[in-house]
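In: Fold the following and give me the result.
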Amino acid sequence: MNIGFIGLGHMGNPMARNLLKHRHTLKVFDVMPDLMKALTDLGASHTTSASKCAEDVDVVITMLPSSPHVRSVYLRDGVLSGAAAGTLLIDCSTIDPHTARDVAFEALAKKFNMVDAPVSGGTGGAEAGTLTFMVGGDMADFEKAKPILECMGKNIVHCGGAGNGQVAKICNNMMLAIEMIATAEGMALAAKLGMDPKVFAGIANTSSGRCWSSDTYNPFPGVIDSAPASRGYSGGFGSDLMLKDLTLVTEAAKSAKQPVMLGAAAQQLYQLHSSNGHGGLDFSSIIKLYKKD
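Out: Purely as a prediction, here's the structure:
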């Protein structure tokens with residue numbers, strides 16, 4: 001298919017490369033020219049604006065930093081003005097559900113088919129083509145998007161109507177952040193009380209303390225060799241990105257008048273962690289609040 005891809009950062013670039021590997025024709029745009037060059041060297045063509053990237057394609061995919069970027073790229077002389085009616089629009093950004101629904105409403109009014117499809121799996125999953133896509137939108141549009149998303153991921157889930165992909169993403173990440181903080185607290189306390197961290201992790205991972213943050217992504221250095229904690233918290237999912245998602249959660253909860261006490265506490269802890277200069281480190285580095293290096 002002819003695909004326009006807008007937003008070629010840490011996630012967008014490998015996702016676009018996987019589309020090329022599946023022999024789709026790709027047209028790309030990013031405000032950073034160097035990011036486009038990495039794709040054009042592999043056979044993609046480049047454009048000078050989001051609206052031009054949306055012209056003469058079957059599908060437009062966006063992977064953008066935040067809600068204001070999504071509104072700008074779609075609504076302000078962007079994708080909706082450049083694409084032909086009937087073009088399938090797939091927004092893979094992580095944004096608030098309200099923005100996702102607003103943009104989808106505008107797209108529908110102009111005869112576009114649109115889904116929100118935020119991802120889970122990080123840069124590693126983007127590179128390997130094993131991302132999970134949480135998709136909101138009509139079932140018919142989901143079925144149209146699924147073969148494209150399968151070029152970039154292995155788990156494609158329909159979550160319901162427009163915006164529900166974002167609901168799934170931010171609620172899941174809220175749970176992940178809370179679990180990581182709990183794991184960090186438990187691991188740091190066990191070590192402080194004289195327990196070998198590997199021994200304690202082994203006990204937790206075979207009993208009721210077990211969770212993904214403990215058995216796969218443990219925040220204590222040296223417990224899991226493949227985890228970011230064992231390489232100085234480099235790579236992985238940045239603490240500032242987790243802070244962004246937690247801020248989306250607390251704002252969404254406020255608009256829904258739904259309490260998220262632990263989610264709000266997690267947001268404040270990651271805010272403190274970022275203020276301490278650790279926003280660029282993997283989110284498991286939150287253990288630095290509890291443990292001196």
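In: From here on, just use CA atoms for contacts and neighbour counts.
Out: Will do.
In: Any idea which residue is closest to the centre of the protein?
Out: residue 119 (4.7 Å; C-alpha atoms, centre = their mean).
In: Just the helices from the stretch 51-200 of the chain, written as ranges.
Out: For the stretch 51-200 of the chain, the helices defined by DSSP state H, counting those that start in this stretch occupy 67-75, 79-82, 97-109, 122-128, 139-149, 164-192, 197-204.
In: Can you give the distance of the shortest one from its chain's centre?
Out: For helix 79-82, the separation from the chain centroid amounts to 24 Å (computed by C-alpha atoms, centre = their mean, to the nearest Å).
In: Which residue is the nearest non-sequential neighbour of residue 24?
Out: Distances taken as C-alpha to C-alpha, 6 or more residues apart in numbering place residue 1 nearest to residue 24, at 5.2 Å, with adjacent residues excluded.
In: typo on my end, it should be residue 93
Out: Take residue 93 and drop its neighbours on the chain: the residue closest to it by C-alpha to C-alpha, 6+ apart is residue 63, 4.7 Å away.
In: Mind listing what's buried along stretch 206-217?
Out: Going by neighbour count (16 or more other C-alpha atoms under 10 Å), the buried part of stretch 206-217 is 210, 211, 213, 214, 215, 217.
In: In strands, which of those appear?
Out: Where the buried residues of stretch 206-217 are compared with strands, as defined by DSSP state E, there is no overlap at all.
In: tell me which helix or strand of the chain sits lowest on mean pLDDT?
Out: In the chain, no helix or strand scores lower on mean pLDDT, DSSP states H and E than helix 122-128, which sits at a mean of 90.
In: C-alpha coordinates for that one, PDB please?
Out: What follows is helix 122-128 as a C-alpha-only set of coordinates in PDB (Å, rounded to 0.1, in the frame of the first residue of the first chain):
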ATOM      1  CA  GLY A 122       9.000   0.300  23.800                       C
ATOM      2  CA  THR A 123      11.800   0.900  21.300                       C
ATOM      3  CA  GLY A 124      12.800  -2.800  21.500                       C
ATOM      4  CA  GLY A 125       9.400  -3.900  20.400                       C
ATOM      5  CA  ALA A 126       9.400  -1.200  17.700                       C
ATOM      6  CA  GLU A 127      12.700  -2.500  16.300                       C
ATOM      7  CA  ALA A 128      11.600  -6.200  16.500                       C
END
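In: I'd like to know how far the spatially most distant residue from the centre of the chain sits from residue 96.
Out: Of all residues in the chain, residue 194 has its C-alpha farthest from the mean position, at 37.3 Å, by C-alpha atoms, centre = their mean. Look at residue 194 and residue 96: by C-alpha to C-alpha, to the nearest Å, they are 43 Å apart.
In: one step back: just the pLDDT at the residue nearest to residue 93, thanks.
Out: On the pLDDT scale, residue 63 is placed at 97.
In: you'd agree it is up against residue 74?
Out: No: the pair formed by residue 63 and residue 74 falls short of the contact definition of C-alpha atoms under 8 Å, at 11.9 Å.
In: Compare the two and say which is more crowded by neighbours.
Out: Neighbours per residue, other C-alpha atoms under 10 Å: of residue 63 and residue 74, the larger number sits with residue 63, 26 against 23.
In: residues touching that one, list them.
Out: 5, 6, 7, 8, 9, 11, 12, 91, 92, 93 (C-alpha atoms under 8 Å, 6 or more residues apart in numbering).
In: Drop anything exposed from those.
Out: Under a neighbour-count criterion of 16+ other C-alpha under 10 Å, the subset of the contacts of residue 63 counted as buried comprises 5, 6, 7, 8, 9, 11, 12, 91, 92, 93.
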